[in-house]
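Peer 1: Got a predicted model here, sequence first, then my questions.
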Amino acid sequence: MQYQISNQPVAGVQASCIVVTLDQSGKLSDAANAIDQASGGFIQARIDARDIEGKTAQTLLLPAVAGIGAERVLLVGTGKETLKSADAVKILNAIASATSGYSGNVALALAHLATDTLPAAWWAEQIAQAYGNALYKYTETKGKKDDAAEKRQPDSLTWLGDDVSAAFSKGEAIALGVAYAKELGNLPPNICTPSYLAAEAVKLGAAGALDVTILDEEELEKLGAGAFVSVAKGSSEPGKMIVMKYQGAADKNAAPHMILGKGITFDTGGISLKPGLNMDEMKYDMCGAASVLGTMKALLELKPAINVIGMITSAENMPAGHASKPGDVVTTLSGKTVEILNTDAEGRLVLCDAMTYGINNFKPASLVDIATLTGACMAALGRVNSGLFTTDETLAGELQNAAAYSGDKVWRLPLEDDYQELLDSNFADMANIGGPLAGATTAACFLSRFTEGTPWAHLDIAGTAWNSGGKAKGSTGRPVPLLVNYLLAK
Ligand code: BES
Ligand code: MN
Ligand code: ZN
């Protein structure tokens, strides 16, 4: 799909569809008015007949409007006068789902919606992402392939207004990263294994300026990554740590920013086995890893002048004769010992060794880990916000700004020393669980013990990386938009 800019008068625009707006008082935008005039009041007649009122994201498709260049007009309601970003996204999603199946050119007369808080560039970025979302469809393991109808999409999108092409490129890159993360999250766990994720990273590296290194389970065992190995050893699928080095800064030695994703390609719980209901969904326990791959993919498109390390810590959490048991004590790469009281708290075990490895080897300027870490975070924040844990106010601000701008929201949850004692163990330096209270915070507390003074933040995406049930069931691609915006602002 091509993105174009045009300043042509709307009535003359050649398009398979032109999108114009009205507000909830039924008032047409200037562009909608121009089309109404050119068509002898065709649009106003529909409003007078109350075919559409103008509520947020309400749409009305008018085919074959005489007197104008476009073959169809899509009227879209913009609701209240001052648009909030969430409503704006709803409007764009409605436009994208109504028009993404058309061929030819779709023209968007939306420039008048730009404000100081939601400037034209924001709209352009979000438009590209809305079309990306509308056009994504999982087909990989569905019987019949290359169904041409499923691949239908417009040849081009035209923004009627001032130049927003850089914003389109950014939005497109994010959309590409989101689609990639969705695909990885949706793939079944017998395909998307730690080795598969490693192969994907190698593929990304071969296609772009990315230096990829894979550490296998044996190497990690030799290094002393006992926490990682304690999880990986329960499965016959070998665990992997994946390091992707992107060096865009003029100074290749400038300290990199690190993002680290949890890549448990299936979480049975291990010996502390999970209940069977909906266990299939635990294939999405690698969505932190998917978001890192998606973000690296977007960075390869955008080529920002920063150094970034994308790291993935990947294993399958299985019950087995050689799986770890509750009560086992393991020594982490940092030297600290952990009593595994629950083998289902495996995410923090694979993450802590990756944090130590990443910090020791790359001395990052900052570290953000992304993990489907706790059911408790999902219970607290639902599917709206990812949990944000950090004691670093600068990082908190950067992530909150990126979240607010992208609409990929976060909510800060506590990470105070008062919670640390919940991890006390009589038999090791710490336990891997903190009991029934404050589960999302105690998980973050566990990770906080492996930061070695590096500015660090933890994103718990258990609620936001996946939609459960029914038609919406599947991966969301979050938090790729957040991560890309966060890194681009560095
Ligand atoms: N991957 C899960 C967390 C999770 C639960 C993600 C539901 C998405 C949806 C994680 O490994 C886990 O099992 N956490 C346990 C921790 C507990 C044993 C302290 C949990 O949240 O129940
Ligand atoms: Mn688990
Ligand atoms: Zn897990």
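Peer 2: In hand now; what should we look at? Given the structure is predicted, the values throughout are model-derived calculations rather than measurements. Ligands and ions are numbered 1, 2, ... in the order given.
Peer 1: Now the phi/psi pair for whatever residue of the stretch 51-200 of the chain ends up closest to ligand 3, please.
Peer 2: Taking CB to the ion as the measure, the stretch 51-200 of the chain has Pro189 as its residue closest to ligand 3, at 12.2 Å. C-beta here means a position set from N, CA and C on the backbone, and glycine is covered the same way. Backbone torsions for Pro189, taken as degrees, to the nearest 10, come to phi -70, psi -10.
Peer 1: That one: neighbouring residues, count only.
Peer 2: The number of residues packed near Pro189 is 20, by other CB atoms under 10 Å.
Peer 1: Contact distance from ligand 1 - what residues of the stretch 351-490 of the chain qualify?
Peer 2: Within the stretch 351-490 of the chain, the positions near ligand 1 by CB under 6 Å from any ligand atom are Thr372, Leu373, Thr374, Gly375, Ala376, Met378, Ile433, Gly439, Ala462.
Peer 1: got CSV for these, with neighbour count and secondary structure too?
Peer 2: CSV is the format used below for those (neighbours: other CB atoms under 10 Å; DSSP: H, G, I helix; E, B strand; the rest coil):
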residue, neighbour count, secondary structure
Thr372, 31, coil
Leu373, 31, coil
Thr374, 23, coil
Gly375, 14, helix
Ala376, 21, helix
Met378, 21, helix
Ile433, 22, coil
Gly439, 21, helix
Ala462, 28, coil
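Peer 1: Asp153 looks like it's in a helix, true?
Peer 2: Not quite, residue 153 is Gln, not Asp. No - with DSSP: H, G, I helix; E, B strand; the rest coil as the criterion, Gln153 is located in coil rather than a helix.
Peer 1: Let me see the contact set for it.
Peer 2: Taking CB atoms under 8 Å, 6 or more residues apart in numbering as the contact definition, Gln153 lies against Met1, Ser100, Gly101, Tyr131, Leu135.
Peer 1: swap the cut-off to 10 Å and go again
Peer 2: If you count contacts by CB atoms under 10 Å, 6 or more residues apart in numbering, Gln153 has them with Met1, Thr99, Ser100, Gly101, Tyr102, Ser103, Val106, Tyr131, Ala134, Leu135.
Peer 1: same check, this time on Thr56
Peer 2: Counting by CB under 10 Å, 6+ apart, the residues that Thr56 touches are 23-24, 76-80, 83-84, 86-88, 90-91, 94.
Peer 1: if you set the cut-off to 8 Å instead, what comes out?
Peer 2: By CB under 8 Å, 6+ apart, the contact list for Thr56 reads Gln24, Gly77, Thr78, Gly79, Lys80, Asp87, Lys90, Ile91.
Peer 1: can you give me the strands for the stretch 301-450 of the chain?
Peer 2: 307-317, 329-331, 337-339, 366-371, 386-390, 410-412, 430-431 (DSSP state E, counting those that start in this stretch).
Peer 1: Report the distance from the second one to the chain centre.
Peer 2: Just to be clear, that refers to strand 329-331. What separates the centre of strand 329-331 from the centre of its chain is 33 Å, taken as CA atoms, centre = their mean, to the nearest Å.
Peer 1: Equivalent analysis for the fourth one, please.
Peer 2: In terms of CA atoms, centre = their mean, the centre of strand 366-371 is set 13 Å apart from its chain centre.
Peer 1: In its sheet, which strands sit next to it, and in what direction?
Peer 2: Here the strand partners of strand 366-371, with direction, are listed using DSSP bridges: strand 257-267 (parallel), strand 456-460 (parallel).
Peer 1: which residue packs closest to the residue of the stretch 351-490 of the chain found nearest ligand 3, ignoring adjacent ones?
Peer 2: Scanning the stretch 351-490 of the chain for the residue nearest ligand 3 gives Thr372, at 6.2 Å (criterion: CB to the ion). Spatial nearest neighbour of Thr372, chain neighbours left out: Ala462 (4.5 Å); criterion: CB to CB, 6 or more residues apart in numbering.
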